[in-house]
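> show me the folded form of this:
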Amino acid sequence: MKTSPSLELAEKKLRDIANVILVGSGKGGVGKTVVSSAIALSLARIGFKTGILDADLHGPSLHKILDCKFPAKSGARGIIPCTVYGLKFMSIAFFVDEHTPLPIKGNAKASLIRDLFAQTDWGELDYLVVDLPPGTGDEVLSVLMLFRSKGRIVVVSTPSMLSISVVERLVNLLKREGVPIIGLVENMAYIYHNSEKIYLFKSSAAKVLSKKYGIDLLGTLPLDPKVEEAIIEGKTPLHSKLFAEEFQSIVYKIIEKTS
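Next up is the predicted model:
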């Protein structure tokens, strides 16, 4: 079977990228995009050549966190991505009206995600972070197939046991597709009150899944209002000192597992 030019170009671009970190959750509302941006920003801060791709076609939101002026220019190697905080960043949000639905389905989704990656001039990268769409449908499968040779995933959950069945479906999908799981990140697990951690749930879905499937729990993160405040002010999640400090150990674990 003849390989499509778009797929050939994607495979060529992928050869210049050392590591691909996929970030997924199986559902929305757990802070997956905040975690994706924090991973990429942290890697860039440390000194790694890093890019980030928003693979959510119907609800892209990374551009709201990474407030970036898209240059809308092309070079010899493709579309020049937005550059912010040392990151190369690409999203479908740069090409469509924010309030207009994107009426595509099936194979068209796979093609669009592949083209968005393949037509971008990423150059040589140490890490490409990919913010997956929620769910376990066509879009997620398309991304897993696109990055199957190098993709490894960080799964984001909250402590709520109500989320466990959804996250567990994603874990089973990843195991079925042979995608290595770097580990779990538990978000919104606690708040700080008078310098004391107050855990919001008696149980921990991430700990249950970690034990059941033998997946490393990379760390837990707070429900931190200053993250939202930073984003509203046009800053990043890492501008919250508390969040940045808690996130540091998670990033070093990810580096250790991918180097």
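> looking at this protein, which helix or strand is least sure?
Between all helices and strands in the chain, the lowest mean by mean pLDDT, DSSP states H and E belongs to strand 196-199, at a mean of 87.
> secondary structure element for the closest residue in space to G219 that isn't next to it in sequence?
In space, and not counting its chain neighbours, G219 is closest to I250: 4.2 Å by C-beta to C-beta, 6 or more residues apart in numbering. Bear in mind the C-beta positions are built from the backbone N, C-alpha and C, glycine included. Here I250 sits within helix 241-258, counting by DSSP states H and E.
> and that helix, how far from the chain's centre?
14 Å (C-alpha atoms, centre = their mean, to the nearest Å).
> tell me the spacing between M90 and R15.
18 Å (C-beta to C-beta, to the nearest Å).
> which of the two has more residues huddled nearby?
M90 (28 against 10; other C-beta atoms under 10 Å).
> just to revisit the earlier point, please tell me I have it right and the residue nearest to G219 contacts E186.
No - in this structure, I250 is not within contact of E186 by C-beta atoms under 8 Å, at 10.1 Å.
> shared neighbours, these two?
219, 221 (C-beta atoms under 8 Å, 6 or more residues apart in numbering).
> show me what contacts R114?
Here R114 is in contact with 6-7, 10, 142, 146 (C-beta under 8 Å, 6+ apart).
> again, 7 Å this time
6-7, 10, 146 (C-beta atoms under 7 Å, 6 or more residues apart in numbering).
> in TSV: those residues, plus secondary structure and pLDDT.
Converted to TSV, the contacts of R114 look like this (DSSP: H, G, I helix; E, B strand; the rest coil; pLDDT from 0 to 100):
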residue	secondary structure	pLDDT
S6	helix	85
L7	helix	88
A10	helix	93
L146	helix	94
